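*Asks:* Prediction below, plus the sequence it came from.
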Amino acid sequence: MAVHISLLQQFVGINVVIAYGPHVMEMVVPSLKAVIPIIINLLQVIAVAPTIVLLKKFGRKTILQAGTIICGSALGMISLGFFLNE
């Protein structure tokens with residue numbers, strides 16, 4: 001299961017969002033370039049607590065599926081933003 005989750009994380013692209021977040025946000029809000037990585041990491045830490053509660057309530061498979069759908073949707077919106085920006 002752990003290997004599956006790690007592989008799935010690579011496919012949904014969260015590492016790309018973390019790596020390129022400052023650059024993307026610099027294009028949108030240039031004055032917040034230095035703060036955006038901190039905000040992204042804080043949101044990840046804050047998201048852990050509800051995930052633990054939801055994991056106990058719904059199980060790993062459901063959380064993994066929901067997370068995949070949410071991440072895929074978010075990446076779709078990011079892609080759409082880049083497409084419309086050009």
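*Replies:* Arrived safely, thanks for sending.

*Asks:* and residue 30, how far is that from residue 55?
*Replies:* For residue 30, the distance to residue 55 under the criterion CB to CB, to the nearest Å works out to 38 Å. C-beta here means a position set from N, CA and C on the backbone, and glycine is covered the same way.

*Asks:* For these two, work out which one has more neighbours and name it.
*Replies:* For residue 30 versus residue 55, neighbours defined as other CB atoms under 10 Å are more numerous around residue 55 (13 against 8).

*Asks:* Okay, and that one sits in which element?
*Replies:* Per DSSP states H and E: residue 55 is located in helix 36-58.

*Asks:* do the same with residue 26
*Replies:* Assigning secondary structure by DSSP H and E places residue 26 in helix 14-28.

*Asks:* Would you pull up how far that helix lies from the middle of the chain?
*Replies:* For helix 14-28, the gap between its own C-alpha mean and the chain's C-alpha mean amounts to 11 Å (CA atoms, centre = their mean, to the nearest Å).

*Asks:* Which parts of that helix count as buried, going by neighbours?
*Replies:* 14, 21, 22, 24, 25 (16 or more other CB atoms under 10 Å).

*Asks:* Which one of those is nearest to residue 59?
*Replies:* Taking CB to CB as the measure, residue 59 sits nearest to residue 14 out of the buried residues of helix 14-28, at 21.3 Å.

*Asks:* Quick one, grab the pLDDT at the closest one.
*Replies:* Predicted confidence (pLDDT) for residue 14: 69.

*Asks:* as a whole number, average confidence for the helix or strand in which residue 64 is found?
*Replies:* Assigning secondary structure by DSSP H and E places residue 64 in helix 60-85. Summarised as a single mean, pLDDT over helix 60-85 is 84.
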